[in-house]
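[1] Take this sequence and fold it.
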Amino acid sequence: MNQSTRPKKKSKEEKRKEREEKEKIRQDQKKQMKEAIIKEIRREDTKLSKGGKDAEAGGSKKKRNRINKEKVDVDNVATSHFGGSRQGKTNGQGGGKKSHGKERFKKPIIKQEVSEEDVAKQVKETLARLTTKGKSKASKYRKEKREMASSRMQELEDQEMAESKVLKLTEFVTANELATMMDISVNQVIATCMSIGIMVSINQRLDAETINIVAEEFGFKTEYISAEVAQAIVEEEDAPEDLQPRAPIVTVMGHVDHGKTSLLDYIRKANVIAGEAGGITQHIGAYNVKLEDGRRITFLDTPGHEAFTAMRARGAKVTDIAIIIVAADDSVMPQTKEAINHAMAAGVPIVFAINKVDKPTANPDKIKEELANMNFLVEEWGGKYQSQDISAKQGLGVAELMEKVLLEAEMLELKANPDRNATGSIIESSLDKGRGYVATVLVSNGTLKVGDIVLAGTSYGRVKAMFNERNQRVKEAGPSAPALILGLNGAPAAGDTFHVVETDQEAREITNKREQLAREQGLRTQKILTLDELGRRIALGNFQELNIIVKGDVDGSVEALSDSLIKLSTEQIQVNVIHKGVGQISESDVSLAAASDAIIVGFQVRPSTAAAKMAEQDGVDIRKYSVIYDAIEEVKSAMEGMLAPELKEQVTATIEVREVFNITKVGIVAGAW
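    From the prediction side, this is the model:
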């Protein structure tokens, strides 16, 4: 086709007009078809109404008419009075007449009104028949695809209806978050917990068993998304011949200042307690100790302060044996009872160590009596629990305590396979300014090596370097060995399980899935200010909120401090931890605090120079603490009337000025004594 014979290219306006004409023709055809179908339906109704009186013309055959007229006497019909009158109504067939008697008792046919729905249905069916006839296979395939898509949409709608009654959550959500997910008042959740004998507050975390009971009470089912994530990693089964004996993991628990760190200090022959602020253990320490006979024990030192409940529970879960230490000059304190409960819940054997027996006021029998009242009878009193009187400072009875711990370990027959990929637990994680994210891990099975790809929670990375508890560089860590690893892309939560995976891609896919589930959980538990809540706050009149941003050196301390601050909430003042994280106080933290009218609490961390300058300009209050007691007490005092803590001036000395000298280039100098 040359240039002269080629058809002229249509303009946009011509194409638009052509489309409009085609659409108009299509609409006219559809309208005509609809009218024709309506006429046909009405014609059939008319025939049906006359069917009892007239016979069908032509080749139309009605069986019941022939049967009724077959045995009619022709002579009687001819002489009948009705014969002539019926003649004009016949269709030409001699025997096609009915008697007047039967006609009189025939029921009248009620003409049914044609509804719009019937018409639309008929039009749809007719169009479907017309469109399918003579069409290609492609059109049939498209039709089947549309039908499959519509059925799939219906299935999804049904599935959504069923899932609306299933709560997808992680363990340890608060009562307030659970109420938000079920769209009910938090008072109903608290009342349900009280009815089963559990006293909870609005921001208290609930365990899985309590969540199941409360959800079932309100007609909901629970699904724990953490279990779904765990299925992504297949655990290897170890053959019995590959298993070798491993060192026991021992957790030292008890009340604050009862001598836990002093005991480990004596065993390790290194004084670490001086490095702890206020002489209080702020986070878990893991130490591998080699005894004189060559046997090894791994110790976990947990904090005794009440704020570190979650850290003690975490320590009890990863341990084999628990040493519960009690001061002989004190009594069994609340944190001691809580530590015993954690060990019992984890099914861990308990060895009691009664410390400070060298003090004049020591009374070990009193401690044993208190334990007996709690149904913990020691062996000296005819029970099954081992106990040992010790003095952590002088080393009295420490060797005997180690023997009893190793005896318990022998009874447990602890074994692991060192020739496999490592698995274990994250003890602590933090952000080091010079080394990046570092994590303290405890290997439970396998051997962790430099270069392995470690996956823990929503963080992963290749192990660049590894150090033991003495900060010495090592190349591998076997079963029951603690290690400090470098190379992760984030700070995993303390208590997370870590696994070694084969490729970066596998680790990335699993972490992405976990992050997505965490985001969904956050969206589901996001609290929206309702009119009821707003009315309650207005009714209180003096309701106020205290927004806090918590930054700390390690993850466990941040979690413990956040939980403690949230528990300070009252009916008049709500404490909100709007952000928490590990590492230095940054400019983004200051920006968030300025936007949300919050104060920043730094636990053993300091702000960067830029952040401190920005905070001064924006008027953001940054509080720095090294002991958790001080942080809690100061926030509590600030809540009493929402006033800033009082700044006290303490007089350290009194002097008397005797003479004043004005010296050039120096200034005024006071002579005093």
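[2] make it CA atoms for all contacts and neighbour counts henceforth
    Fine.
[3] which residues of the stretch 251-400 of the chain fall in strands?
    All strands of the stretch 251-400 of the chain, identified by DSSP state E, counting those that start in this stretch, fall at 285-290, 296-301, 321-327, 350-355, 386-389.
[4] Put together JSON lines for the ones you listed, with mean pLDDT on each row.
    Below are these laid out as JSON lines (pLDDT from 0 to 100):
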{"stretch": "strand 285-290", "mean pLDDT": "76"}
{"stretch": "strand 296-301", "mean pLDDT": "82"}
{"stretch": "strand 321-327", "mean pLDDT": "88"}
{"stretch": "strand 350-355", "mean pLDDT": "89"}
{"stretch": "strand 386-389", "mean pLDDT": "88"}
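[5] Out of those, flag the one nearest residue 470.
    Ranking those by proximity to residue 470 (C-alpha to C-alpha) places strand 285-290 first, at 8.6 Å.
[6] Sheet partners, orientation included, of the closest one?
    strand 296-301 (antiparallel) (DSSP bridges).
[7] quick one: the strand it pairs with to chain centroid distance?
    Strand 296-301 sits 32 Å away from the centroid of its parent chain (C-alpha atoms, centre = their mean, to the nearest Å).
[8] residues of it that come out buried?
    Applying a neighbour-count criterion of 16 or more other C-alpha atoms under 10 Å, one finds 296-301 buried in strand 296-301.
[9] Three-state assignment for residue 500, please.
    Secondary structure state of residue 500, per DSSP: H, G, I helix; E, B strand; the rest coil, is strand.
[10] Show me the shaky parts of the stretch 101-250 of the chain.
    When residues are selected by pLDDT under 70, those of the stretch 101-250 of the chain lie in 101-115, 127-137, 159-164, 170-172, 225-236.
[11] Which parts of it are helices?
    Using DSSP state H, counting those that start in this stretch, the helices of the stretch 101-250 of the chain run over residues 116-132, 137-163, 175-182, 186-195, 208-217, 225-230.
[12] and the third one with helix 208-217, angle?
    So that's helix 175-182. For helix 175-182 against helix 208-217, the angle between stretch directions is 40 degrees (axes from the mean of the first three to the mean of the last three C-alpha atoms, to 10 degrees).
[13] Out of the helices of the stretch 101-250 of the chain, which is the most enclosed?
    Ranked by mean neighbour count under mean count of other C-alpha atoms under 10 Å, these are led by helix 175-182, which reaches a mean of 21.
[14] Which elements pack onto it?
    Packing partners of helix 175-182 (3 or more C-alpha pairs under 8 Å, 6 or more residues apart in numbering; DSSP states H and E): helix 186-195.
[15] The helix it packs on: how far from the chain's middle?
    With C-alpha atoms, centre = their mean, you get 21 Å for helix 186-195.
[16] Repeat that for stretch 419-435.
    The answer for stretch 419-435 is 22 Å, by C-alpha atoms, centre = their mean.
[17] and that stretch, average pLDDT?
    Stretch 419-435 shows a mean pLDDT of 84.
[18] Quick one: end-to-end length of it, please.
    Terminal residues of stretch 419-435 are spaced 29 Å apart (C-alpha to C-alpha, to the nearest Å).
[19] Alpha carbons of stretch 185-193, as CSV, please.
    Below are the C-alpha coordinates for stretch 185-193, written out as CSV (Å, rounded to 0.1, in the frame of the first residue of the first chain):
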residue,chain,number,x,y,z
SER,A,185,-14.3,-1.3,77.2
VAL,A,186,-11.1,-2.0,79.1
ASN,A,187,-13.2,-2.2,82.3
GLN,A,188,-14.9,-5.3,81.0
VAL,A,189,-11.5,-7.0,80.4
ILE,A,190,-10.3,-6.0,83.9
ALA,A,191,-13.6,-7.3,85.4
THR,A,192,-13.3,-10.6,83.6
CYS,A,193,-9.7,-11.0,84.9
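[20] contacting residues around that stretch?
    Stretch 185-193 is contacted by residues 175-176, 178-180, 199-202, 210, 214, 217 when judged by C-alpha atoms under 8 Å, 6 or more residues apart in numbering.
[21] One more pass at 7 Å, please.
    175-176, 179, 199-200, 214 (C-alpha atoms under 7 Å, 6 or more residues apart in numbering).
[22] before we move on, the earlier item: could you export the strands of the stretch 251-400 of the chain as JSON lines, including distance to residue 140?
    Formatted as JSON lines, the strands of the stretch 251-400 of the chain follow (distance: least, C-alpha to C-alpha, whole Å):
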{"stretch": "strand 285-290", "distance to residue 140": "69"}
{"stretch": "strand 296-301", "distance to residue 140": "70"}
{"stretch": "strand 321-327", "distance to residue 140": "70"}
{"stretch": "strand 350-355", "distance to residue 140": "73"}
{"stretch": "strand 386-389", "distance to residue 140": "80"}
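[23] okay, now the domains of the protein?
    Split into domains by the TED database, the chain comes to 166-224, 245-415, 442-522, 529-642.
[24] Tabulate the ones you listed in a markdown table, adding columns for distance to residue 421.
    Formatted as a markdown table, these follow (distance: least, C-alpha to C-alpha, whole Å):
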| stretch | distance to residue 421 |
| --- | --- |
| domain 166-224 | 27 |
| domain 245-415 | 15 |
| domain 442-522 | 5 |
| domain 529-642 | 26 |
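[25] wait, which of these is closest to residue 156?
    Between residue 156 and the domains of the chain, the shortest gap by C-alpha to C-alpha is with domain 166-224, which sits at 15.1 Å.
[26] quick revisit: can you check which of the domains of the chain gets nearest to residue 25?
    When the domains of the chain are ranked by proximity to residue 25, the top entry is domain 442-522, at 51.2 Å, counting by C-alpha to C-alpha.
[27] Compute the mean per-residue pLDDT across the closest one, please.
    Mean pLDDT, domain 442-522: 85.
[28] so what's residue 671 up against?
    Residue 671 neighbours (C-alpha under 7 Å, 6+ apart): 657-660.
[29] Quick check: buried residues in stretch 242-256?
    Residues of stretch 242-256 classed as buried: 246-256 (neighbour count, 16+ other C-alpha under 10 Å).
[30] try stretch 650-664
    Neighbour counts over stretch 650-664 (16+ other C-alpha under 10 Å) mark no residue as buried.
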